[in-house]
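Enquirer: structure for this input, please:
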Amino acid sequence: TGCVTKNIQWITGNNFTVERGQQQIEEVISTWEVHQSWLHWSEFLQEEELRESKRYHYRVCWSVPTRRKPIPRATASVYFVIEISKIKPATSPVEIFFTLEASRLIHRPEQCRFREKWLKDIIENKIILMERL
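Expert: Below is the predicted model:
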């Protein structure tokens, strides 16, 4: 389970835009080993002003549509944050981390390998819950 994003050149704080942040997230996702049946879309959610940094929040929504069920019963979201330090030089790279829906564990792309099973588990749990209701 080695580092899979070491070849990604992180954008620097002074070159950051919301659109460029979304492109960086797509670069991260392109390194994930997920089956081609998984489809995703991403969106910018909000900008958060903190004392020592600015955070940009994004959501990537995953599903597995099929010919028989083009509208999936459930989706799984992965929430990304791109943080730009106000303390480090503007030429420093941004920091990127993500969390899975219904989880507090923070993952850093350069420190963990994404697992497709995480998405499957979220969707399976949602379907079980819907069936119980």
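Enquirer: what helix or strand is Val78 located in?
Expert: strand 76-85 (DSSP states H and E).
Enquirer: my bad, should have said Gln24
Expert: Here Gln24, judged by DSSP H and E, is contained in helix 18-30.
Enquirer: so what strands line up beside the following helix or strand past that helix?
Expert: Going down the chain from helix 18-30, the next helix or strand is strand 39-49, by DSSP H and E. The strands beside strand 39-49 in its sheet (DSSP bridges) come out as strand 53-63 (antiparallel).
Enquirer: ok, and what's touching the strand it pairs with?
Expert: Strand 53-63 has contacts (Cβ atoms under 8 Å, 6 or more residues apart in numbering) with 16, 18, 21-22, 25, 29, 34, 38-48, 72, 74-87, 119, 123. Backbone N, C-alpha and C define where each C-beta goes, glycine included.
Enquirer: remind me which residues of this protein are low pLDDT?
Expert: Along the chain, the parts satisfying pLDDT under 70 run over 1-6.
Enquirer: report the contact partners of the closest residue to Arg55 other than its chain neighbours.
Expert: Excluding its sequence neighbours, the residue lying closest to Arg55 (Cβ to Cβ, 6 or more residues apart in numbering) is Glu48, at 4.2 Å. Neighbour list for Glu48: 54-57 [criterion: Cβ under 8 Å, 6+ apart].
Enquirer: re the thing from before, what's the angle from the helix holding Gln24 to strand 53-63?
Expert: 50 degrees (axes from the mean of the first three to the mean of the last three Cα atoms, to 10 degrees).
Enquirer: for helix 18-30, buried residues please.
Expert: 21-22, 24-25, 27-29 (16 or more other Cβ atoms under 10 Å).
Enquirer: those into CSV, with extra columns for distance to Arg104?
Expert: Shown next, in CSV, are the buried residues of helix 18-30 (distance: Cβ to Cβ, whole Å):
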residue, distance to Arg104
Gly21, 22
Gln22, 24
Gln24, 23
Ile25, 20
Glu27, 25
Val28, 20
Ile29, 21
